[in-house]
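# One predicted model, sequence on top.
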Amino acid sequence: MVEILNIFIMLMLVITALAMVSSRHLFVTVMLSGIFSLLIAASFLLLDAADVALTEAAVGAGISTVLFLGALALMDVEETTRGVRRIRMVSLIVVAVTTIFIVHATFYMPAFGDINAPIHQHVAPWYIQHVPIHMDIPNIVTGILGSYRGYDTLGEVFVVFTAGIGVLSILGDPIKNRQHRPAHNRGLRHYLIPRLVGRMLIPFIILFGLYVQFHGEYSPGGGFQAGALVAAAIILYALLEGEDKALQVIPMRVLYIMMASGALLYGGVGVAALLMGGNFLDYSVLASTPVAGQQWGILLIEMGVGLTVTGVLITIFHAFAARSNL
Amino acid sequence: MIIQVVAFALIVTMMLGLVRAIKGPKVYDRVLAVNMMGTKTVLLLAVLAFIDDRPDYLDLALAYALINFIGVFAVLEFFRTRESQLVIAETDDTGEASDEAPGNEGGK
Amino acid sequence: MNLIEHLPVLQVILPLLSAPFCILMRGHMLAWAIAVVASGAAFAVSLSAASIVADGATLTYAVGGWAAPYGIALEVDAFSALMTMIISGASLLALIAGMASIRQQLPEEKQSLFFAAWLLAMAGLLGISVAADAFNIFVFMEISSLASYVIIAAGPHRKALGAVFKYLAMGTIGATFYLIGVGLIYLMTGTLNLDDIALRVANVSDPHPVLLAAGFITIGLALKAAVFPLHVWMPAAYNYAPHVVSAFIAACATKVSLYVLFRFDFTVFQPNLSGHEFQFGHFMMPLALIGILFGAIVAALAKDLKRLLAWSSVSQIGYIVLGASMTSEAGMTSAIIHMFNHALAKGGGFLIAMGAALYYTTTRFSNLAGLGKEHPWLSGAFVVIGCSLIGVPGTAGFISKWMLVNAALEQGGLGIFIIAVVVFSSLLAVIYVWKVVELFYFEPRPEGASSNAVVVKTPEKLLFMMVVMLVAAANVWFGIFPGEPLALASQAASMLTGGAL
Amino acid sequence: MLWVELYHYWVFAILLMIGLFGVIAKRNLVKKLVGLSLFQSAVFLFYITMGKVDGGTAPIVGMTDSTDVFSNPLPQVLILTAIVVGISTTALGLSIVVRIKEAYGSIEEDVIHEKDRAE
Amino acid sequence: MEPWIPFQYIPLIPLLGVIAILLGARISDNVREAATLVTALLTAAAVWGLAPAVMAGQRFEWVLLEQVVPGIPLAMQLEPLGAMFAMLAGSLWVVNSVYSIGYMRGNKEKHQTRFYVFFAVSIAAALAVAFAGNVFTLFLFYECLTLSTYPLVSHKGDAKTIKSARIYLGVLISTSICLFLPAVIWAHSVSNGAFTPGGVMSEVLSGPAVGLMLGLFVFGIGKAAVMPVHRWLPAAMVAPTPVSALLHAVAVVKAGVFSITKIVIYLFGFEFLFSQESVSWMLFAAMTTIVLSSLVALRQTNLKRMLAYSTIGQLSYVVLAVSVLTPLAEVGAALHMVAHAFGKITLFFAAGAIYVASKKTELPQLAGIGRRMPWTATAFTIGALSMIGVPPTGGFVSKWYILAGSFQSDNYMAIATLILSTGLTAMYFLPVVYSMWFGREVDGPMSDHREAPLPIVIALMTTAALTILFFFFHGPVKAMESQVLLGAL
Amino acid sequence: MDVATTLGWLAAILMLIGAFFTFVGGLGALRMPDFYTRMHAASLTDSAGPIFILIGLMLISETWLVAIKVFTILVFLLITGPTASNALASASLLAGNKPGLANDQSEAE
């Protein structure tokens, strides 16, 4: 049954992707990419990847759509030139050849879902077996993410951090940019009902975000998803009430501090472990028992992730909005 | 068994929505289709939670519902700032001239 | 707490964790100071690590205390020690020398962000160099790439934006190709740790997916390393980046991708793909040869100093790939030592371009004439560094060419052809370097040429000249006493080719 | 039924190639970025696909019986990181596009080339 | 019998002199020139200090760096041939310095400090070439010499000069990279490349490979100006005359033929080469160069260009002498290096003196100049006679030995070439000498001029005297060269 | 029939009704002639479908917690769906997009 659903979703994915690339209207492309994200997230869920599905939905359908629209508000939504024929031919050939190679190799790959594939035999069973022992949390993904591969996640946080300061550096400080524009931005004031409903929902979204943050060890979720949700709530506020108000609620200074302190909190936990005699990011030494130490460590670093992601996403939104007057 | 039928109906409806989203012809049609597909996805997730007997998937459904909502607002805001674009947006993918309406970049 | 034990991770987290402090600082001097201190610390760490691993030892580190295939391991051996030295050294010197140039090219409010991104770029490159985990390499590759885009986009010319966008698109394709390759390997072996992969890939019954993985990883990394003909993003990016960024990035960024490429193609895939090094060699060698000549020819036609240096990089990367594509220990040694020597020469070259721009605002040839008379030390340093680029005896560049030709001699008839190409491209190098030398010394300063866009403070100028002289001297020093880097390089080469041959 | 076992990989290949085509062949910078994110999504799908185990369930212990078969959690962890990387790249790319639009008045590569050449 | 300063430190003297010159230039021009002179004298003294030890048959080895590139040391050695070259370069530098001071001042050249600095660096490089202990070291310092003479050649800095300097650098660098370097690598890959009496190649190389490697060396050492790699020499005529003198008589071209000689004797071993059919082409290359360059010289109307082509021919005498491969001819080669150095430097000094005093550069303008500049004309005459090989000049001695060596191996081709080229040399030098003394004066750039400045006259008379003295006192050189052969045989 | 079975049947019927509404809504969104009519079809069933389906799901929930979660989703959908539709329609109207049937000029499709 699930298999059939999956086939349908895959079919829709391919159709959507084709439409995205072939449509000449950029707004359409962005809308379709939102649909694509929803579909692929559903597909992830069908493939048992709950955390990934949540992330993809928050990022792909939420944040990424908002960002694309923010950028599109500044530019022509029509694609005015067709690609050069020669380039299109070359691309087609490149693409075709690569596809043939991949498809050819698939015939020698382990079958889909085969439990005897090497991938399910070597490292993964160890994780499934040891997460309950080492850190005693139900969500294995969180366990791996936070501890076994915590160093990757540290890198991930710094990728987000880099994106934040990168957008700031490229687009400039939102506050300075706003000063050059007339203060006409009032948000969606003349849409009365949406505004009321939206305002009502904001606290719930933040609450839900916090739930995702602190319940991430037990159910799908974690710092990143929570950060995206909270940031989405603030973005919603900015959309409804206008940029300036949002910047009054959370000023840029605070955002800077959020971005930096999240990353530093994560790194700090690692360094603290190092100072307390363990290796970098070895949470076992943080508390009296290794298991408690692991739990504390994961909780702290997830908070770091959440802080940075929230700060960065809001900052990026402001940076775009200040330019495009979204 | 019934629940699988529901899931199937949802998937088929999503396909109908997808066709509408691709066909347009107006941007509003597409936004409508996206919104519709969002709702259907939420339902699908909820149904899946029961099919797989994994109630924690319901959290996901909730998150989807919230995010879908925000997406629609972003689109509305986009319309507001780009009223000049709306006229153009009525055309389909053939792309008419893009300076039909006088630019009103600043909004109101 | 034994610090020696923690060297591999300190190498990465020192600059990484300094970056957030940078953006919290108001005022660029503080941010600059943090960046310099962090680079200096990283350099010190890399030196001490290098001294430990020079005799063939390997420092391993289990992050989080989890042993290798389950947790993420870091490994510092001779090869990575050499890379970390190049990266942190280049960053330190460029930062010290570039103070005035940064003031000239960047608005004050962006500077703290700039330094943070700089540190992240360096930390990313360092992270790749010490990583022993295929996916971890990807993560740090992205940190370094994103940060590089940011610091390149800080260039004042609008063309910098177009260049960065191209770099971003191609860089992301490259990284994603790499990710696909890693996925395929993971699918076939079930592990991500490099050593573990090498161990388990031998048991994979069917080589097709591994071969596909090798193809994706090779192409992806070649894209990031700007190997001809995938170099199209590089010249513009180097050319329009802020001068100080060009000096830093040109010295190390592409080399780190080559480092990963060599790691994979020479150790990870060897146990399964019989004759893989042969395929690698025959795939890469023609590209390297064409790239060497093409880059040098375009460089000889350039009308801008930075453009010239950037195209010369296309050619010089060809030398590195050529050395590796011989798939012999001697060839590998020449490739690795050329990474070091080219970093010295090219970093120095861009530093000089930076100095020229500091005095004369642009690096266009029409505006640089007569530099030799007004700034004799600067142009003198260029002559030395240019000689190193050509490969004149007594400079670092010569050592690598010598090793390369020696390695080619082992190849028999093909070797003669390789030598002919190397020799010819050296002549082209003479042409493009000498064009600049003559410009500096013999052409009169044009009427009304712009100069001194920014007031260069004396301490800044002193620091700058000190660094330039140091780099020029290093080019000569390592041409006469190449002992230490050569020892590391041959150690690394024997390690890389040991598994294959 | 070979195709049932492998069609996931084929979908991955097709999506990958649609995305790659978008990046290489399209001249509009936003379109290129969309292609890029499509390209990355395809890889995400590939990783998640290979982590699936027949009859498995999401790797969250405790909610269900402990006898359950779990799908492979490691690819999911990797893709969580990769998604974040993807959105970061997209954000950065978009900000560059915005600046390009301001500097050149267009986001079409051909127009930008022409303006560069005219300089 | 230890020399008063170890030979390996001698190249450092001019380098230290560079610092002295730079510092001196800050004080005044006089101090700077004094520094040059003192350095030159010190160098000469140091080089001559080696003579007793060398004559006594002592040899020194010294390794600067165990591995400059893997497996190859940076080694220095002292043996008679190198000592002779070092002595030649060191002592002529003194004379040349005196001359330079007069010339540069008389001509009011710019950038004099740069000139003196690079002059000293070139001498240091030449000395290092002289003391090279293996092929690689030789190559290294050979390249240094090329680069350090570039600023001297391009000294004037105008468009024509730059073009010529480009040819100079282009030919020398491309030959050395394309031919010399591969040969060096080849030599090192088959042997240790160290210079050993009797050669090291006889055991590792045979057949056509010998000829190929020798060819790479002979044409790769572009400084020896064997046709067709001679183009740089006439081009380098744009340099100030002291530089031309240095290039053509002392450091550069002599470094070329010295390198060839040293490689033939110490790397191949000429006995070994004598047994190889495949090296006979070298003789023909040298003969062709001699004859062709003389013919070209006949057609020149510019004095310095004529001298340049003469140099090409004279250098090939040395190559010819080497390729005759008999002991007597080898002695002749060494003698000719010295004799030609004295004669040619005299000629260039004279040409420079004429330019400084009268700005004349073309042959027809020289008519009757002997009456205004008797000393210069006398010196020029002596130099010209030495080039032709008329006794009692040094040129006669060396040609005599080369001829004798050719008879030793019944090499009639070589004998014929020598006789023919003597005739040709006479044909282009004698008319000039005749017109200088007896021709009717024509209008030149300066109608009324006198003898050149005193330092110039002193310098050129010194070298002219040396040319004649060498006829009578060539014993030491012969003795030293015999030692080389003793070791080689 | 015990309570659970009854609830099961009830839930099945409710869910089938919901699925039907949903499908019809999708069909309407595809086949209706102009934007406002399409919107009418879609937004009505966007409320009706979830109500039936989610109530059905609540009935077969094993624990109260699950039922509450489903209920929360329902509430959210009921709040956000009409709001979004309202906003969309007013945006379309504000942009000067007249209902096609009112002006008796059907839209080209």
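In hand now; what should we look at? Residues are numbered from 1 along each chain as shown, chains lettered A, B, ... in the order given.
# Tell me who's in contact with residue E:281.
E:211, E:215 (Cβ atoms under 8 Å, 6 or more residues apart in numbering or on different chains). Yep, even glycine has a C-beta here, placed from its N, CA and C like the rest.
# Apply 7 Å and report the result again.
residue E:211 (Cβ atoms under 7 Å, 6 or more residues apart in numbering or on different chains).
# Geometric centre of chain A: which residue is closest?
With distances taken as Cα atoms, centre = their mean, residue A:59 lies nearest the centre of chain A, 4.1 Å away.
# In chain D, mark out all the helices, start to finish.
Secondary structure of chain D (DSSP state H): helices located at D:2-25, D:29-51, D:73-104, D:109-118.
# Quick one: mean pLDDT for the shortest one?
Per-residue confidence for helix D:109-118 averages out to 86 on the pLDDT scale.
# What are the phi and psi values at residue E:471?
phi -60, psi -40 (degrees, to the nearest 10).
# Can you report how many residues lie near it?
Counted with other Cβ atoms under 10 Å in any protein chain shown, the neighbours of residue E:471 add up to 17.
# Enumerate every residue touching the nearest residue to the residue nearest to the centre of chain A once chain neighbours are set aside.
For residue A:59, ignoring the flanking residues on the chain, the nearest one in space by Cβ to Cβ, 6 or more residues apart in numbering or on different chains is residue D:87 at 4.8 Å. Shown in contact with residue D:87 (Cβ under 7 Å, 6+ apart): A:59, A:63-64.
# I'd guessed the residue nearest to the centre of chain A sits against residue D:83; true?
Yes. Using Cβ atoms under 7 Å, residue A:59 is in contact with residue D:83, at 5.8 Å.
# Show me which residues of the stretch 201-326 of chain A sit near chain C.
Contacts of the stretch 201-326 of chain A with chain C, taken as Cβ under 7 Å from any Cβ of the partner chain, map to A:256, A:260, A:263-264, A:267, A:270, A:274-275, A:277-282, A:284.
# swap in chain D?
Residues of chain D lying near chain C (Cβ under 7 Å from any Cβ): D:23, D:29, D:32, D:36, D:39-40, D:43, D:46-47, D:50, D:78, D:81-82, D:85, D:88-89, D:92-93, D:96-97, D:99-100, D:103, D:112, D:116.
# Please indicate which of these are buried?
Buried members of the residues of chain D next to chain C, scored by 16 or more other Cβ atoms under 10 Å in any protein chain shown, are D:23, D:29, D:32, D:36, D:39-40, D:43, D:46-47, D:50, D:78, D:81-82, D:85, D:88-89, D:92-93, D:96-97, D:99-100, D:103, D:112.
# What is the neighbour count of the residue in chain D positioned nearest to chain E?
Nearest to chain E, among the residues of chain D, is residue D:119, at 30.5 Å (Cβ to the nearest Cβ). Neighbourhood size, residue D:119 [other Cβ under 10 Å]: 8.
# can you check residue C:323 too?
Residue C:323 has 28 nearby residues by other Cβ under 10 Å.
# What of residue A:169?
26.
# repeat for the one 5 residues further on
Counted with other Cβ under 10 Å, the burial measure for residue A:174 works out to 24 neighbours.
# mind checking the backbone torsions on it?
phi -60, psi -40.
# again, but for residue E:62
phi -150, psi 130.
# pLDDT weak spots in the chain?
Assuming you mean chain A. A:1, A:81-84, A:178-191, A:324-326 (pLDDT under 70).
# I was after chain E.
Looking at chain E by pLDDT under 70, you get E:1-2, E:443-447, E:486-489.
# Repeat that for chain D.
For chain D, the stretches with pLDDT under 70 are D:1-3, D:62-67.
# so how far is residue D:74 from residue C:131?
17 Å (Cβ to Cβ, to the nearest Å).
# quick one: contacts for residue 177?
By default, I'm working from chain A. Residue A:177 touches A:322-323, counting by Cβ under 7 Å, 6+ apart.
# that's the wrong chain, I wanted chain E
By Cβ under 7 Å, 6+ apart, the contact list for residue E:177 reads C:423, C:426-427.
# Where does it sit: helix, strand or coil?
helix (DSSP: H, G, I helix; E, B strand; the rest coil).
# ok, it to residue E:221 distance?
Residue E:177 is 12 Å from residue E:221, by Cβ to Cβ.
# contacting residues around stretch C:34-46?
C:7, C:10-11, C:14-15, C:18, C:21-22, C:25, C:81, C:84-85, C:88-89, C:91-92, C:95-96, C:115, C:118-119, C:122, C:126.
# Now secondary structure too, for the contacts of residue D:87, in JSON lines please.
Listed next are the contacts of residue D:87 as JSON lines, based on three-state DSSP:
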{"residue": "A:59", "secondary structure": "helix"}
{"residue": "A:63", "secondary structure": "helix"}
{"residue": "A:64", "secondary structure": "helix"}
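# Name the nearest of the residues you listed relative to chain E.
Looking across the contacts of residue D:87 and measuring by Cβ to the nearest Cβ, the closest to chain E is residue A:59, at 53.0 Å.
# Go ahead and flag the most central residue of chain F.
residue F:46 (1.6 Å).
# I'd like the distance between it and chain C.
Separation of residue F:46 from chain C (Cβ to the nearest Cβ, to the nearest Å) stands at 37 Å.
# what does residue A:238 give?
Taken as Cβ to the nearest Cβ, the span from residue A:238 to chain C is 22 Å.
# what sits against that residue?
Here residue A:238 is in contact with A:246, A:317, A:321 (Cβ under 7 Å, 6+ apart).
# Okay, buried residues for the helix or strand the last one falls within please.
Following DSSP states H and E, the helix or strand that holds residue A:321 is helix A:290-324. Along helix A:290-324, the positions that meet the burial threshold by neighbour count (16+ other Cβ under 10 Å) are A:290-291, A:293-295, A:297-324.
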